[in-house]
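S.K.: A predicted structure for the sequence below; I have some questions about it.
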Amino acid sequence: QIADQLRAQIVSEQLAPGQKLPSERELMETYDTARATIRQALRVLLAEGLVESRRGVGVFVRQRGPVRRLAADRFARRHREAGKAALTYEAESQGRTVRQELLELAEVPAPETVAVRLDIDEDKPVFVRRRRMFIDETPMQLADSYFPLEIAQGRIREENSGPGGVYARIEDAGHTLTRFTEELSFRMPTPDEARALHLGSGVPVIDLIRIAYAGDHPVEVFTAVMAGDKHIFQYEFPAT
């Protein structure tokens with residue numbers, strides 16, 4: 001019965017997406033019942049996917065459904081020419097909003113995983129843009145973009161890389177992007193990742209590594225840790 005009442009409040013958005021539920025003690029007082037009963041009701045809502053538990057913080061109404069990542073289309077040049085970076089295009093086409101929290105702009109030694117993909121010596125300096133990306137004010141991914149220093153010029157080094165994002169700036173500099181490769185793998189998050197992405201207990205993350213090429217030359221390595229319950233990757237392949 002308590003689960004039914006809380007469910008009704010969630011469905012009607014009396015309890016809005018992202019809103020924190022009252023504490024167990026507050027629910028005990030509201031419904032005049034024992035803690036075990038409240039916990040059982042919350043377990044029902046967790047199992048239904050209506051709420052998510054954040055360790056040490058509380059229980060929250062789950063945000064809107066996953067964003068759909070359109071693998072075959074999101075890096076199309078027409079989106080950059082229209083001033084839309086890939087994630088902005090995908091989110092806005094689904095009625096969502098995007099913002100980023102800039103964490104770092106810096107020259108750093110290339111990590112091994114980056115160096116091998118850029119075909120440079122490990123620890124050679126590269127430029128990195130570190131961000132935390134939000135959709136509908138929900139943290140979705142921790143994203144790092146690594147560039148060879150000769151590519152990381154102008155607005156690529158600035159907080160706002162301009163219309164169309166860094167790929168548009170790379171092409172503005174005369175490096176025409178020709179292809180992208182992506183690798184996806186899955187694992188459980190570290191405690192820091194779980195906190196940064198507001199992940200509930202048991203939610204995995206997606207490790208994504210993408211390489212952008214201009215001709216045969218890699219010009220960026222992008223690594224992301226993505227909330228596993230907030231993304232759907234959609235692929236289309238020719239049947240030839």
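M.R.: On my side now, so go ahead.

S.K.: Let me know the pLDDT of the most centrally placed residue in the chain.
M.R.: Centroid-nearest residue in the chain: Q141, 2.4 Å away (criterion: Cα atoms, centre = their mean). If you check Q141, the pLDDT there is 96.

S.K.: try A47
M.R.: At A47, the pLDDT recorded in the model is 78.

S.K.: Other residues contacting stretch 39-59?
M.R.: Among residues not part of stretch 39-59, those counted as contacts by Cβ atoms under 8 Å, 6 or more residues apart in numbering are 2-3, 6-7, 10, 20-21, 23-24, 27, 60-62, 194, 198-201, 203. In short, each C-beta sits where N, CA and C put it, glycine included.

S.K.: Likewise for stretch 100-111?
M.R.: Stretch 100-111 is contacted by residues 118, 120-134, 146, 149, 157-159 when judged by Cβ under 8 Å, 6+ apart.

S.K.: Filter the contacts of stretch 39-59 down to the buried ones.
M.R.: Neighbour-count burial (16 or more other Cβ atoms under 10 Å) is assigned, among those, to 2-3, 6-7, 10, 21, 27, 60-62, 194, 198-200, 203.

S.K.: Looking at the residues you listed, which one is closest to A239?
M.R.: Comparing the buried ones among the contacts of stretch 39-59 against A239 with Cβ to Cβ places V203 closest, at 34.6 Å.

S.K.: Okay, that closest one and F186: tell me how far apart.
M.R.: With distances taken as Cβ to Cβ, to the nearest Å, V203 is found 11 Å from F186.

S.K.: Now do the shared contacts for the two.
M.R.: Contact criterion Cβ under 8 Å, 6+ apart; residues bridging V203 and F186 by contacting each: G228.

S.K.: So for the most far-flung residue of the chain relative to its centre, what pLDDT did the model give?
M.R.: For the chain, the C-alpha farthest from the mean C-alpha position belongs to D32; by Cα atoms, centre = their mean, that distance is 39.9 Å. We have a pLDDT of 94 for D32.

S.K.: List the contacts of it.
M.R.: Applying Cβ under 8 Å, 6+ apart, no residues contact D32.

S.K.: got it, and R69?
M.R.: When contacts are counted by Cβ under 8 Å, 6+ apart, R69 is found next to E90, H231, I232, F233, Q234.

S.K.: The same query, at a cut-off of 10 Å, please.
M.R.: Neighbour list for R69: 86-87, 90-91, 182, 206, 208, 226, 231-235 [criterion: Cβ atoms under 10 Å, 6 or more residues apart in numbering].

S.K.: what sits opposite it in the beta ladder?
M.R.: Each beta-bridge partner of R69 is listed here, defined by DSSP bridges: F233.

S.K.: any idea which helix is longest in this structure?
M.R.: The single longest helix within the chain, with elements called by DSSP state H, is helix 35-47.
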